[in-house]
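In: 3D model of this:
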Amino acid sequence: MLGELAVVGGGVVGLTCALAAVDSGWRVTVFDAGPDRRASDVAGGMLGCLAEGHPGEDRLLAISRESTSLWPGLLNRLSCPDILTATDSLLVGATPSDVAALETQMRFLRSELPDDTHRIPSASARELRTLEPALARNVAGGFQAVGEGAVDNRKLLAALRAALDAAGVMQVRAEIDNLADVPGEQILVAAGLDTRRLLPDVDLRGEKGEILRLRRTRWSVAPPRNVIRARWHGRPVYLVPREDGIVLGATQYEAYDDTDRAPLAGGVADLLGDADELMPGLRTYELTEVSAGIRPSSADGVPLIERVDERVTVAAGHGRNGIALAPWTAQQVLPVLAQHSTHTSTEDRGVHHGIDRER
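Out: As a prediction, the model looks like this:
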């Protein structure tokens, strides 16, 4: 037994780290503030690195690629095959200028990941509609992202909690206000945006976004088989398959209030309008949920994983990629947790995803 570990945070990142820790020999307790404080409950659940790779995000792309390779092992550990809802993605442009923007992204990806070029072939409008017949007839073209799938975020959370229960992990519903009150030899703070309330020196910002859930009716076309990630007249929109419908997302703008999770009418209208044009058959779906979440992002968009002091480690700042990066985060957290002493140099303690940095 390595010791007692308290994980503060019951989202996908916290639970995945807790599962990796208990599998490694820690005795773990999870403190979860509940679904209203979790970004994981309001998410599309998209995996992979190619569709998320953008110029200027070289380090994040490399991390995402590594995490993608770890997902099969995590899914196997959870033994819940219905978590996976799609295995591939389509990148769709509404206009020639939208396709040109996607081509710029693809050139960046091909330069950074030359071994993965075969996974992002171009696709004409006809080819896209062959893969997804319900797409609008006037799409301009795009790309495939082979192996870029998605999971059902809520089934994933349930499977993680079940695996932790089976491993003997105590899961406590509690909102932590002071880390000094948390028992355990070691503490991992993976509390999303709440991390900066517990650790004020951690530099995080909130990015709010609306996300909708639509359910198929008996008159509806079937949900897409692939994740649809579109650039639609300059705006991003995605459709992520679920067993009975889709998750539609997502807007993104700065959150000025950490407690403001009220959806805005403008964001909802934009999403519904774009989705209706992208896949007209969605008009017959039922709108079953309108939500907004706040993504916790680091200053440079790369997750922050480091030891704060001899007892506390932080894993936060995953932004839009929290679910996709969860297994990579757990892999990075384990050796940091093993550093029980503060008697290390500044370079040793400034661990930012394996990169030394100034504190």
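
In: OK, contacts around residue 116?
Out: With contact taken as Cβ atoms under 8 Å, 6 or more residues apart in numbering, residue 116 is in contact with 50, 65, 109. In this view, the C-beta of every residue, glycine as well, is placed from N, C-alpha and C.

In: Please report the distance of the residue nearest to the second one when sequence neighbours are not counted from residue 88.
Out: Okay, so that is residue 65. What sits nearest to residue 65 in space, not counting adjacent residues and going by Cβ to Cβ, 6 or more residues apart in numbering, is residue 49, at 4.4 Å. Distance of residue 49 to residue 88, computed by Cβ to Cβ, to the nearest Å: 14 Å.

In: which of those two has more neighbours?
Out: Set side by side, residue 49 and residue 88 show more neighbours around residue 49, with 28 against 17, by other Cβ atoms under 10 Å.

In: Give me the pLDDT for the more buried one.
Out: At residue 49, the predicted lDDT confidence score is 83.

In: and it, what does it touch?
Out: Contacts for residue 49 (Cβ under 8 Å, 6+ apart) come out as 61, 64, 65, 67, 68, 113, 148, 324.

In: if we take these, which one ends up nearest to residue 275?
Out: Using Cβ to Cβ, residue 148 is the member of these that lies nearest residue 275, at 19.5 Å.

In: With adjacent residues omitted, what lies nearest to that closest one?
Out: residue 48 is the one closest to residue 148 (Cβ to Cβ, 6+ apart), at 3.4 Å.

In: Residue 20 now?
Out: Nearest one to residue 20, counting by Cβ to Cβ, 6+ apart, is residue 330 at 3.8 Å.

In: try residue 280
Out: In space, residue 280 is closest to residue 136, 6.1 Å off (Cβ to Cβ, 6+ apart).

In: wait, is that neighbour part of a strand?
Out: No. Applying DSSP: H, G, I helix; E, B strand; the rest coil, one finds residue 136 to be coil, outside a strand.

In: That one: neighbour count?
Out: Residues lying near residue 136 (other Cβ under 10 Å) number 18.

In: which residues touch it?
Out: Shown in contact with residue 136 (Cβ under 8 Å, 6+ apart): 277, 278, 279, 280.

In: Quick one: neighbours of the closest residue to the third one other than its chain neighbours, just the number.
Out: Put plainly, it is residue 279. Distance criterion Cβ to Cβ, 6+ apart; nearest residue to residue 279, sequence neighbours excluded, is residue 134 at 5.2 Å. Around residue 134 there are 18 other residues, counting by other Cβ under 10 Å.

In: Give me the phi and psi for residue 134.
Out: For residue 134, the backbone dihedrals are phi -80, psi 0 (criterion: degrees, to the nearest 10).

In: my guess is it contacts residue 278, does it?
Out: No. Assessed by Cβ atoms under 8 Å, residue 134 is found out of contact with residue 278, at 9.4 Å.

In: Residue 16 is in what secondary structure piece?
Out: Following DSSP states H and E, one finds residue 16 within helix 12-23.

In: Would you mind measuring from residue 97 to residue 187?
Out: Separation of residue 97 from residue 187 (Cβ to Cβ): 49 Å.

In: check contacts around the residue nearest to residue 20.
Out: 16, 17, 19, 20, 21.

In: which secondary structure element contains it?
Out: In the assignment (DSSP H and E), residue 330 maps to helix 326-337.

In: That helix vs helix 12-23, what angle?
Out: 50 degrees (axes from the mean of the first three to the mean of the last three Cα atoms, to 10 degrees).

In: Enumerate the positions of helix 326-337 that are buried.
Out: For helix 326-337, a neighbour-count test (16 or more other Cβ atoms under 10 Å) marks 326, 327, 328, 329, 330, 331, 332, 333, 336, 337 as buried.

In: tell me the mean pLDDT over that helix?
Out: Mean predicted lDDT for helix 326-337 stands at 96.

In: Show me how far that helix is from its chain's centre.
Out: Chain-centre distance of helix 326-337: 16 Å, with Cα atoms, centre = their mean, to the nearest Å.

In: Buried residues, stretch 202-221. List them.
Out: Neighbour-count burial for stretch 202-221 flags 202, 204-216, 220 (criterion: 16+ other Cβ under 10 Å).

In: Now for the closest residue in space to residue 186 that isn't next to it in sequence, how many residues are close by?
Out: The shortest distance from residue 186 to any non-neighbouring residue, by Cβ to Cβ, 6+ apart, is to residue 5 (4.8 Å). Residue 5 has 24 neighbours, counted by other Cβ under 10 Å.

In: three-state assignment of residue 5?
Out: Recorded secondary structure, residue 5: strand (three-state DSSP).

In: Hmm, it is touching residue 30, no?
Out: No. The pair residue 5 / residue 30 is not scored as a contact, 9.4 Å apart, by Cβ under 8 Å.

In: Overlap in contacts, these two.
Out: Taking Cβ under 8 Å, 6+ apart as the criterion, residue 5 and residue 30 both touch residue 18.
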